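Colleague: No sequence on hand, only this structure:
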């Protein structure tokens, strides 16, 4: 290999490294922006609901779907009611575990980064409610399903995106040539 070939090869390697750093930075921005957007949308919606509806008050939007003010003192679907301290501690521990688990993946996969941002923003939104109000305010109330909120939507969609991103990573790794 000539010196000119080595120079070109080194330049290509540096360009690939720069592109990977830009992509990693963009994925962390995506994570942060989505986390902040979900958190802000959730908190604003809950402030509006608490300011305009009395506890238990309901308004039908269309048949089978209501806006209501429900205080959820448990976790998803009202599990573990009345144990806010335990639920808050479990939420913080879960957020720490999720952060550690996702730290390496967010930089590698755009779908996982988006999912992690939604999940973390939603989790922090519900944690703020537990710490500030002693319960999570739910207000989206479909028939035959427990009431939920914007944070719950972020958590659910985020978890689904993380699974989809991890499955895509596994498929990609499976199809890479050995070597």
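Modeller: Arrived safely, thanks for sending. These figures come from a predicted structure and were not determined experimentally.
Colleague: For the protein, give me the ranges with low pLDDT.
Modeller: Per-residue confidence for the chain (pLDDT under 70) gives these ranges: 75-82, 177-179.
Colleague: ok, 80 please
Modeller: 1, 74-88, 91, 102-104, 107-108, 169-179 (pLDDT under 80).
Colleague: what residue is smack in the middle of it?
Modeller: For the chain, the residue nearest the mean C-alpha position is residue 119 (1.6 Å; Cα atoms, centre = their mean).
Colleague: in what helix or strand does that residue lie?
Modeller: helix 110-133 (DSSP states H and E).
Colleague: Who are the packing partners of that helix?
Modeller: Of the remaining helices and strands, those touching helix 110-133 by 3 or more Cβ pairs under 8 Å, 6 or more residues apart in numbering; DSSP states H and E are helix 3-52, helix 84-106, strand 136-142, helix 150-175. For the C-beta atoms, the positions are set from N, CA and C on the backbone; glycine is no exception.
Colleague: thinking again about what came up before, my read: the residue nearest to the centre of the chain touches residue 155, true?
Modeller: Yes. At 5.4 Å, residue 119 counts as touching residue 155 under the criterion of Cβ atoms under 8 Å.
Colleague: hmm, back to that, closest to residue 70 out of the helices and strands packed on helix 110-133?
Modeller: Of all the helices and strands packed on helix 110-133, strand 136-142 sits nearest to residue 70, with 4.4 Å by Cβ to Cβ.
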